[in-house]
Structure formats: C-alpha cells, structure tokens
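Visitor: sequence? don't have it. structure:
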C-alpha cells in the first residue's frame with residue numbers, strides 16, 4: 001500500500017498540483033527537471049520494490065492524467081507542456097510491467113527533454129517559451145522545424161519512434177481489464193491530440209511577418225542530433241522488444 005502511495009505521488013504530479021502550481025516558487029523550466037527527477041525516482045522504486053498493481057490507485061492516477069490532459073491542451077507554453085505530458089502518461093508508468101515501464105519512461109523523458117530545449121530556443125530568440133505567435137517555423141527555420149516535428153511526432157505515438165513501439169510493447173505484454181483499455185485509449189488519443197494541436201500552431205501555418213526568425217545554432221543542432229540518435233537507438237530496442 002505504501003509503495004502505491006509513493007508511486008502515485010511521484011508519477012502523477014502531486015507535488016506540482018498541491019504546492020508548486022499555487023506557490024509559484026519554481027519557474028516553469030525548473031519544474032520539468034524536478035518532475036523528471038521524481039519520475040526517475042518512481043521508476044527506481046518500482047524496480048527495487050516489486051509490487052502488485054492496485055487498480056484503485058491506477059484509477060486515481062487516471063483521473064489525475066485527465067486533468068493534466070486538460071491543462072496540456074490549454075497551455076501555449078512549451079515548458080508547461082513538458083511536465084503536463086509527463087503527468088498525463090502517469091497511468092502507463094504504473095500499469096506497465098516494470099521493464100516496459102522503465103523503457104517507456106526513459107523514452108518519454110528523452111523526447112520531453114527535446115521539447116524543453118525547444119522551449120529554451122523559443123525563449124532565447126523570441127522572448128518567451130509561448131509559441132502561439134511564432135508559427136510556420138519549418139518554412140523559415142528548417143532545423144528548428146525538423147526537430148520540433150520529430151519530438152511532437154514521437155509524442156503523438158507514431159512509429160518508428162520509440163514512444164510508439166515501447167507503448168505497443170507494454171500493451172501487448174499487459175494483463176487487461178476495463179481500466180486498462182480505458183487508459184490505453186485515452187493515453188493514445190490524448191498524446192496524439194496534444195502533439196497535433198502544438199504542431200499545427202508551430203511547425204505549420206504561415207510565418208508571422210512581425211517576427212524575426214532565427215534558426216538553431218550549430219551547438220544546438222549537435223545537441224538535438226544527439227537526442228535524435230538516442231531516440232533511434234531506443235527505436236531499435238523497442239522494435240526488438242515487440243518482435244521478441
């Protein structure tokens with residue numbers, strides 16, 4: 001029972017919703033690092049202390065994820081988007097078998113790290129991580145458009161990106177029930193809708209004539225190419241898991 005409380009606390013964004021959102025003691029970009037650290041701690045706890053799944057706790061995490069889905073679809077800030085998406089996927093981290101949960105969690109965190117870096121790019125060049133006024137970046141900043149498209153496509157659970165393959169692998173190896181089916185459907189379509197909404201307002205559309213567009217610097221490109229290479233490596237791992 002204690003393990004379930006701990007995992008719910010670490011995975012579902014409880015510290016953020018009950019404290020940091022109200023007190024605003026941490027800036028948005030720092031909350032992602034804290035949230036990612038707590039999720040990694042949760043994965044470590046799951047690995048060190050094997051436990052049976054508790055469906056009441058899964059149901060609570062699912063309700064929390066629906067709230068995070070609502071918040072993710074309301075925000076235009078890339079920093080906020082990273083931790084809302086992380087909280088939204090909480091039920092999967094609880095319901096997957098531990099190895100599948102760790103793989104999916106790592107893949108998700110790596111993808112969200114890329115989106116976080118794109119938030120830094122927006123903030124540095126356009127004054128804010130809010131993206132609503134900086135549209136059509138594919139046409140005028142090809143590298144920024146490419147990498148943001150890659151990260152959002154991975155979030156949307158499109159193969160051959162690892163999020164989709166590892167999500168599928170977790171689904172195929174899980175014990176199913178009504179809550180399981182409900183979570184899978186909501187998480188799958190929720191991730192897709194979040195990614196498509198952001199993509200429509202960032203990489204697509206007409207560039208804003210009032211914005212001076214600046215592409216990624218060479219150092220930023222190297223960093224994003226590194227993340228992309230790691231995602232491809234995880235795709236290979238995910239494909240091997242699905243075929244095994």
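Guide: Received it, and whenever you're ready, just let me know what you need. Being a predicted model, the structure only gives us computed values, none of them experimental.
Visitor: Can you list phi and psi of residue 130 for me?
Guide: phi -80, psi 130 (degrees, to the nearest 10).
Visitor: Who is it paired with across the strands?
Guide: residue 77 (DSSP bridges).
Visitor: List the contacts of it.
Guide: 76-78, 122 (Cβ atoms under 8 Å, 6 or more residues apart in numbering). Glycine gets a C-beta too; all of them are placed from N, C-alpha and C.
Visitor: Repeat that for residue 234.
Guide: Residue 234 neighbours (Cβ under 8 Å, 6+ apart): 103, 106-107, 110, 162, 166.
Visitor: coming back round to it: looking at the contacts of residue 130, which has the most residues close by?
Guide: residue 78 (27 neighbours; other Cβ atoms under 10 Å).
Visitor: Just give the nearest non-adjacent residue to that residue, would you?
Guide: Spatial nearest neighbour of residue 78, excluding adjacent residues (Cβ to Cβ, 6 or more residues apart in numbering): residue 119 at 3.4 Å.
Visitor: element containing that neighbour?
Guide: Counting by DSSP states H and E, the element that carries residue 119 is helix 98-126.
Visitor: Buried residues in that helix, which are they?
Guide: Residues of helix 98-126 classed as buried by neighbour count (16 or more other Cβ atoms under 10 Å): 100-119, 121-123, 125-126.
Visitor: could you give the mean pLDDT of that helix?
Guide: Helix 98-126 shows a mean pLDDT of 92.
Visitor: what's that helix packed up against?
Guide: helix 28-48, helix 78-88, helix 90-95, helix 142-155, helix 162-172, helix 218-243 (3 or more Cβ pairs under 8 Å, 6 or more residues apart in numbering; DSSP states H and E).
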